[in-house]
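K.L.:
Below is the structure, and that's it, no one-letter string:
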């Protein structure tokens, strides 16, 4: 977006510009400028590329800066900076947390999130224990009283995201789930528990060396089922995992050949998981009892990686220029040496926290950290969260909020108390289901989160989530305000840093002022801010 | 602060169906279309429905060379028996589950294009899908091929349903920053709700919420996207709800979400919402294992959905105006793997369906005895010839600029 803007041409569709460039930030003005020129209105509006820049409603732009300079400008207000960090790295902050982080230096703030091992998480653990989620057993049980496992798994994780005192741990777990994907529906609901096992693996490796994470996930039962590792034999090496581990989990397309895929597939042959128990259902039981028996069996099934020598190809393999009798772990180790892996993972982490498309210089700095720390993701994330780019106006509201970020951000920002018993149906139309990415590439994210259907999904989720039965739920964070002005300002401060246009504030306030019941008035203010354009961005 | 309102004061005719203004960019496209050498034929109301078979459909078990000795020897487990497939012509037969499509073939409404692919096949789902969606193996053209086509079909009177997607997010082939595409999965959820009930956009809280989008400056982050998305959502929701009041499917659609989606497309088409390009997706074609059963189920779902869709349109007198085209990012290898499945392959087949289709097998049949890249079917027909056919001969738009070069149309649609 720093490039000179293209000359207006009559054939709009031929213009070379990316959607991101067109829709995001300053370039939207560029596009507007071009279109205006096409319409012959340039003289009237004075629209040209140099005179306009990205505008954050509520934040005044530097009148002397160019568009590029404006984007590079740091976010100035300390509370806005703190809220930005907490939104990106911690699912959003409460008012107290924003105050706390506003007083810290960049390094102190990042370290407070990163060094989470020392943080007491007993309140979350007690909450999880009390909720008694069904994370193990498929089916509802003979008396149909057991909660559905796949729903409870989502409630369990949303509870962790929303109430953990170590939010970055959950954030990283979510990032790894979106990158090192497995689809629950593809491994089968009977084996849903293995998704919990995988999720705990991601949590345990939240800020690990990437080598350790990639080695571990290569032997993760859910992953091995999902990408067919367990079916790979010497006679018929399966190429699914070797292909995806290189294309999607490490190097990216274009950095290896089809021959590398075939050779590495031979190395993963013979990787298996231990089978479920062999107990047979007793004779003469009913179909329901038989199913319950199998559900219990799968509930107790805790598979481990094992090696089947008979299925393994012990021959020489040539992979990315090296030759040897490699196994899967050797392949992963060679992948980890590749410069493409450094760039791919650093770029991904930068995108998760800051924005897409870092410059070569920015990426280069992260790759240096990656190399000097032996691929330590904690060091890379720390570099991102303390960098100028992260705290720039380009990063501020530079990402589209995902539905999960919408839900967790709502709960944290409004300090809601929820058991997530009623989230599943209303969340559906927002189009993101935990443990169920759309395919092996994960959620595409970005602009793909916003379509006409998901727009309704978002605003209708806010409508449903703020009610229980036909009554508005209590919103503790907004309960203390008495005047409509204070109430709306409170909601805006908590959810969108108070940065909206005067017109938007006035429109919300005038609507809210007409609602007389205090609880109804609070959820109305919350709904309008959650539904606002500003809250759809992160 | 310059709002979109300020931009659009210049006098472009705007249509305001919902409460928000149409975006500036739509007006700009309309203007550009009017002033370019070519103007899309306003009398052409034909509709193209694209069906994506996601995951890499096994073309060889879809259009089956059942008696080919290479086929028989390569697919001991998943080869379809010669006495069960549905014969078409030239030794090719349909998968046994495609009974409805076989009937349409017999009635002269179905064409199959063989060996469809592109040079230097990419075997990644994502890269190959991206190539098909861009309509360009070099990935030099902007946006999606249908997005570029829709820009040419855009008129001053913007139809919110010009492009219509069944699904949650805009498919990449329809993407263009200039035209918002309604994406619908469930009609019952497609609108703004208050306390869980759909309300008109005049309802007070809803009107306030929409005002926030109308006021949001276009030069703020994602300003154009946010406003056009809200705008498109509101206009299309109203139209769809009105259409739902009168639309009655003439046939019973199968109980699959694929068929439900096609029924939604039929609703929009039979209600004359101005759909020129529709899109639906059927997934689950990545049959690395247990292909016989899984592919059978996919074929049943495809056949049931497309057959009901055709019959519904036919009963509503619309089948003359609609062509369905299927595509998949690649085919699968000729030889089965050890898990009763097949791995990522190269060329595959496309179906074209409708009263306007000229029955037949198009494109040369690939030679299964002369494979490329470790056992793959070489392409014989560039996928851009298929695109050129529907762009020119159905939608009535010259294809050369849209596809970056001249591609000869195929004969499945009349010149």
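P.N.:
Arrived safely. Bear in mind that the values here come from a model prediction, so they are computed numbers and not experimental data.
K.L.:
Please make it C-alpha for all contacts and neighbour counts, starting now.
P.N.:
Noted.
K.L.:
Next to chain B, which bits of the stretch 151-300 of chain A? Give me the list.
P.N.:
Residues of the stretch 151-300 of chain A found near chain B (Cα under 8 Å from any Cα of the partner chain) are A:231, A:233, A:235-236, A:239, A:253.
K.L.:
Just the buried residues out of these, in ChimeraX syntax.
P.N.:
Filtering these down to the buried ones (16 or more other Cα atoms under 10 Å in any protein chain shown) takes a single ChimeraX command:
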select /A:231,233,236,239,253
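K.L.:
Looking at the residues of the stretch 151-300 of chain A next to chain B, which are in strands?
P.N.:
If you go by DSSP state E, these have nothing in strands.
K.L.:
Including pLDDT and distance to residue B:247, could the residues of the stretch 151-300 of chain A next to chain B go into a markdown table?
P.N.:
As requested, these are exported to a markdown table (pLDDT from 0 to 100; distance: Cα to Cα, whole Å):
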| residue | pLDDT | distance to residue B:247 |
| --- | --- | --- |
| A:231 | 89 | 49 |
| A:233 | 93 | 54 |
| A:235 | 91 | 56 |
| A:236 | 87 | 52 |
| A:239 | 91 | 48 |
| A:253 | 92 | 46 |
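K.L.:
Spatially, which two of the residues of the stretch 151-300 of chain A next to chain B are the most separated?
P.N.:
For these, the farthest-apart pair by Cα to Cα is A:235 and A:253; their separation is 26.6 Å.
K.L.:
hmm, back to that, which one of the residues of the stretch 151-300 of chain A next to chain B is nearest to residue A:453?
P.N.:
The nearest member of those to residue A:453, counting by Cα to Cα, is residue A:253 at 31.3 Å.
K.L.:
quick one, what contacts that closest one?
P.N.:
A:246-247, B:127 (Cα atoms under 8 Å, 6 or more residues apart in numbering or on different chains).
K.L.:
My reading is that residue B:111 is in a helix; is that accurate?
P.N.:
No: assessed with DSSP: H, G, I helix; E, B strand; the rest coil, residue B:111 is strand; it does not lie in a helix.
K.L.:
Quick check: phi and psi on the residue of the stretch 151-300 of chain A found nearest chain B?
P.N.:
Nearest residue of the stretch 151-300 of chain A to chain B (Cα to the nearest Cα) works out as residue A:236 at 5.6 Å. Backbone torsions for residue A:236, taken as degrees, to the nearest 10, come to phi -140, psi 80.
K.L.:
isn't it right next to residue B:337, touching?
P.N.:
Yes: with contact defined as Cα atoms under 8 Å, residue A:236 and residue B:337 form a contacting pair (6.5 Å).
K.L.:
Contact residues of the stretch 401-538 of chain A facing chain B?
P.N.:
Close to chain B, as judged by Cα under 8 Å from any Cα, the stretch 401-538 of chain A has residues A:429, A:431, A:441, A:448-457, A:459-460, A:463-464, A:467, A:470, A:503-504, A:507-508, A:511, A:524, A:528, A:531-533.
K.L.:
For PyMOL, what selects the buried ones among the residues you listed?
P.N.:
Selection command for PyMOL covering only the buried members of these, criterion 16+ other Cα under 10 Å:
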select buried, chain A and resi 429+431+441+448+449+450+451+452+453+454+455+456+457+459+460+463+464+467+504+507+508+511+524+528+531+532+533
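K.L.:
Keep only those of the residues of the stretch 401-538 of chain A next to chain B that are in strands.
P.N.:
Within these, residues falling in strands by DSSP E are residue A:467.
K.L.:
Low-confidence stretches in the chain?
P.N.:
As the question left the chain open, I've gone with chain A. Residues of chain A meeting the criterion pLDDT under 70: A:1-54.
K.L.:
The chain in question should be chain B.
P.N.:
In the predicted model of chain B, residues B:1-40, B:42, B:156-157 satisfy pLDDT under 70.
K.L.:
In it, mark out all the helices, start to finish.
P.N.:
Assigned by DSSP state H, the helices in chain B fall at B:4-8, B:24-35, B:69-74, B:99-106, B:125-134, B:145-153, B:204-215, B:223-246, B:257-270, B:291-315, B:383-393, B:400-403.
K.L.:
looking at those helices, which is buried most?
P.N.:
Across those, averaging neighbours per residue (mean count of other Cα atoms under 10 Å in any protein chain shown) puts helix B:145-153 on top, at a mean of 25.
K.L.:
How much space separates residue B:194 from residue A:521?
P.N.:
Distance, residue B:194 to residue A:521, by Cα to Cα, to the nearest Å: 14 Å.
K.L.:
Pick out whichever of these two has more residues nearby.
P.N.:
More crowded of residue B:194 and residue A:521, by other Cα atoms under 10 Å in any protein chain shown: residue A:521, with 22 against 17.
K.L.:
Quick check: closest non-adjacent residue to residue B:410.
P.N.:
Nearest in space to residue B:410, with sequence neighbours left out and distances taken as Cα to Cα, 6 or more residues apart in numbering or on different chains, is residue B:389 at 5.8 Å.
K.L.:
Could I get the contacting residues of that neighbour?
P.N.:
The contact partners of residue B:389, by Cα under 8 Å, 6+ apart, come to B:408-413.
K.L.:
switch the cut-off to 7 Å
P.N.:
B:409-410, B:413 (Cα atoms under 7 Å, 6 or more residues apart in numbering or on different chains).
K.L.:
now residue A:487
P.N.:
Here residue A:487 is in contact with A:478, A:481 (criterion: Cα under 7 Å, 6+ apart).
K.L.:
so it, which of the three states?
P.N.:
The local conformation at residue A:487, judged by three-state DSSP, is helix.
K.L.:
What separation do you get for it and residue A:515?
P.N.:
According to Cα to Cα, residue A:487 and residue A:515 sit 12 Å apart.
K.L.:
which parts of the stretch 101-250 of chain B sit against chain A?
P.N.:
For the stretch 101-250 of chain B, the contact set with chain A under Cα under 7 Å from any Cα of the partner chain comprises B:142, B:148, B:168-170, B:177, B:182-184, B:190-196, B:208-209, B:212-213, B:218-226, B:229-230, B:232-233.
K.L.:
ok, the closest residue to chain A within the stretch 251-400 of chain B - how many residues close by?
P.N.:
Taking Cα to the nearest Cα as the measure, the stretch 251-400 of chain B has residue B:338 as its residue closest to chain A, at 5.6 Å. Counted with other Cα under 10 Å, the neighbours of residue B:338 add up to 18.
K.L.:
Just confirm it contacts residue A:238, I think it does.
P.N.:
No: checked against Cα atoms under 7 Å, the pair residue B:338 and residue A:238 is beyond contact range at 8.4 Å.
K.L.:
For the helix or strand containing residue A:171, which outside residues touch it?
P.N.:
Using DSSP states H and E, residue A:171 sits in helix A:167-179. Residues outside helix A:167-179 that contact it (Cα under 7 Å, 6+ apart) are A:89-91, A:113-114, A:161, A:199, A:202-203, A:206, A:249, A:442-443.
K.L.:
How many residues are close by the closest residue to residue A:131 other than its chain neighbours?
P.N.:
Nearest non-adjacent residue to residue A:131, counting by Cα to Cα, 6+ apart: residue A:419, 7.8 Å away. The tally of other residues near residue A:419 (other Cα under 10 Å) stands at 13.
K.L.:
Lovely, talk soon.
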